[in-house]
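J.: From the sequence below, what's the structure:
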Amino acid sequence: MVDVLKAMSTSGAILLPIVILIIIVSIATVKRGEQEMGGGHHGLATDGHVAAMHTGTAAAAAPAKKAGVQVVEDISVMQILLFGIILFTAVMAILLLVSVIQHS
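T.: Sure thing, here's the model as predicted:
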């Protein structure tokens, strides 16, 4: 029973920083998305209905954003999936290495 608890604590110690990294990256991605959408305004009126975009300010703001010099990277789902698979494989390899070292 002690060996099981020791193995669980070792794997938890390895996986905890990875979980924290994933949370930090998720928060940064959400904040970046909010900034790209103009501070979180989604075009909804206060009653929840879609606001009419007849005014010239909204139409003029869209080309102004695209005319800026800032380059926006597209988030690729395949890159995120590949990163997750590589990260998972690395964690499993580290756990295997720790297990082999402890049993030697």
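J.: after the worst-scoring helix or strand of the chain on mean pLDDT, next one along is what?
T.: Lowest by mean pLDDT, DSSP states H and E among the helices and strands of the chain is helix 56-66, with a mean of 52. Later in the chain than helix 56-66, the nearest helix or strand by DSSP states H and E is helix 77-103.
J.: And that next one, what's buried?
T.: Buried residues in helix 77-103, counted by 16 or more other Cβ atoms under 10 Å: none are found. From N, CA and C alone the C-beta is placed, and that goes for glycine too.
J.: in this protein, which segments are predicted with low confidence?
T.: 39-73 (pLDDT under 70).
J.: Contact partners for Lys31?
T.: Listed by Cβ atoms under 8 Å, 6 or more residues apart in numbering, Lys31 has no contact partners.
J.: buried residues in the longest helix along the chain?
T.: Assignment by DSSP state H gives helix 2-36 as the longest helix of the chain. Residues of helix 2-36 classed as buried by neighbour count (16+ other Cβ under 10 Å): Ser11.
J.: Quick check: chain neighbours aside, which residue is closest to Ile18?
T.: Val91 (6.2 Å; Cβ to Cβ, 6 or more residues apart in numbering).
J.: wait, that neighbour sits on Leu16?
T.: No. Contact between Val91 and Leu16 fails when scored by Cβ atoms under 8 Å: they sit 11.1 Å apart.
J.: List the contacts of Leu87.
T.: Listed by Cβ under 8 Å, 6+ apart, the contact set of Leu87 reads Ile18.
J.: And Ser9, by the same measure?
T.: Applying Cβ under 8 Å, 6+ apart, no residues qualify as near Ser9.
J.: what about it, distance to Gln102?
T.: Distance of Ser9 to Gln102, given as Cβ to Cβ, to the nearest Å: 12 Å.
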